[in-house]
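Asks: The amino acid sequence is not available; the structure is as follows:
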Ligand code: NAP
């Protein structure tokens with residue numbers, strides 16, 4: 001008999017067909033008002049879950065005593081209590097690598113858009129305000145030749161370092177628990193303390209996972225260490241930054257601006273104070289959101305799920321201590 005899975009992320013027809021060859025699929029649209037209730041109804045008897053952007057807590061896990069695997073369509077795993085999943089013998093898989101370059105592109109888009117005031121000035125043109133040659137009031141800041149500080153030198157951090165060093169002639173500093181000899185060799189990236197990175201960088205980019213150690217990593221103290229013209233770019237998770245402290249720093253013009261793809265509360269409320277600042281570029285969590293990359297992530301998640309349910313070790317097992 002086929003195993004049963006609950007799908008809570010829309011898949012392309014070919015990937016859905018691939019899943020249905022091997023497992024019985026119950027589709028739940030968690031964006032609908034009754035989505036969570038329908039998910040709860042579907043959990044008893046489920047051997048697998050495939051989806052993203054939903055916190056799977058103990059109250060949901062309690063409803064799924066037969067669960068063997070959660071296949072997350074994301075690289076970030078902050079929506080799951082990994083220790084609790086391991087305790088229950090549930091595998092967790094994610095989709096690293098396939099989104100690395102696209103997410104780094106998003107980071108660089110935010111660096112360029114913030115420094116060169118792309119969104120603000122494009123809106124200015126659209127509003128019919130371009131009626132004479134530009135003066136210094138509309139000038140931006142250079143990206144080329146500046147210092148790029150990367151907090152979290154993992155896959156996405158390294159892809160950002162490559163763009164900065166090779167594409168824009170930037171000096172690269174990074175802060176990570178462990179120094180990475182290869183990024184020093186390839187991009188002349190220098191490992192340093194968070195304090196030094198904040199003091200020296202023109203662009204501070206956050207590419208850490210969200211966990212107990214990184215929640216609130218950038219708060220009032222850290223923002224105060226940044227240069228007054230420096231720009232903060234967050235493509236990690238909203239809670240890595242103390243948003244109230246960031247709003248205060250922007251209000252007092254203590255930093256040059258921010259490029260933000262992620263927020264404490266998503267979707268970001270239209271009346272968020274962050275949207276009052278011309279020097280904030282806010283995007284709706286588009287880090288990996290291209291057709292190609294989302295399809296690659298979904299394919300990766302499908303293969304992880306199928307191999308876990310087939311009794312194999314999935315390629316992207318997060319709780320590696322789980323031996324099956
Ligand atoms: P990764 O390869 O695991 O890299 C994360 C890096 O962060 C690791 O190198 C790690 O250092 C470092 N790190 C961990 N704790 C740190 C700390 N306290 N201070 C400084 N560095 C620390 O992960 P990735 O694939 O690059 O993804 C990173 C994160 O980006 C994900 O977890 C996700 O939350 C976020 N993301 C967001 C989007 C989006 O749509 N905006 C898309 C994709 C990913 P060590 O190697 O020394 O342990």
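Replies: Perfect, thanks for sending it. Model, not experiment: these values are computed from the prediction. Numbers count the residues shown, from 1 in each chain.

Asks: Show me where this structure has its helices.
Replies: Counting by DSSP state H, the segments of the chain that form helices are 13-22, 35-42, 58-61, 82-88, 100-115, 118-126, 155-162, 168, 181-187, 194-200, 220-225, 243-251, 291-309.

Asks: and the angle for the longest one with helix 100-115?
Replies: It stands for helix 291-309. Angular relation of helix 291-309 and helix 100-115 on a 0 to 180 degree scale: 140 degrees, by axes from the mean of the first three to the mean of the last three CA atoms, to 10 degrees.

Asks: Report whether helix 291-309 contacts the ligand.
Replies: No: with CB under 6 Å from any ligand atom as the measure, helix 291-309 is seen stopping short of the ligand, the closest distance being 9.3 Å. (Glycine included, C-beta is placed from N, CA and C.)

Asks: Please identify the buried residues of that helix?
Replies: Of all the residues in helix 291-309, those buried under the rule 16 or more other CB atoms under 10 Å are 293-294, 296-309.

Asks: ok, back up a step: same list (the helices of the chain) but as CSV, adding mean pLDDT.
Replies: Putting these into CSV (pLDDT from 0 to 100) gives the following:
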stretch, mean pLDDT
helix 13-22, 98
helix 35-42, 96
helix 58-61, 97
helix 82-88, 96
helix 100-115, 98
helix 118-126, 98
helix 155-162, 98
helix 168, 98
helix 181-187, 97
helix 194-200, 98
helix 220-225, 98
helix 243-251, 98
helix 291-309, 98
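
Asks: Measure how buried the closest residue to the ligand within the stretch 1-150 of the chain is and give me the count.
Replies: With distances taken as CB to the nearest ligand atom, the stretch 1-150 of the chain approaches the ligand most closely at residue 76, which sits 2.9 Å away. Here the count is done by other CB atoms under 10 Å, and residue 76 has 22 residues near it.

Asks: now swap in residue 177 and tell me
Replies: 8.

Asks: same deal with residue 271?
Replies: Residue 271: 7 neighbours (other CB under 10 Å).

Asks: Can you give me every residue that contacts the residue of the stretch 1-150 of the chain closest to the ligand?
Replies: If a contact means CB atoms under 8 Å, 6 or more residues apart in numbering, then residue 76 has 94, 209-210, 236-237 as its contacts.

Asks: Among these, name the buried ones.
Replies: For the contacts of residue 76, a burial check counting by 16+ other CB under 10 Å picks out 94, 210, 236-237.

Asks: Please name the nearest non-neighbouring residue to the one residue in the stretch 101-250 of the chain that gets nearest to the ligand.
Replies: Scanning the stretch 101-250 of the chain for proximity to the ligand using CB to the nearest ligand atom identifies residue 154 as nearest, at 1.6 Å. In space, not counting the residues next to it along the chain, residue 154 is nearest to residue 207; the distance is 6.5 Å by CB to CB, 6 or more residues apart in numbering.
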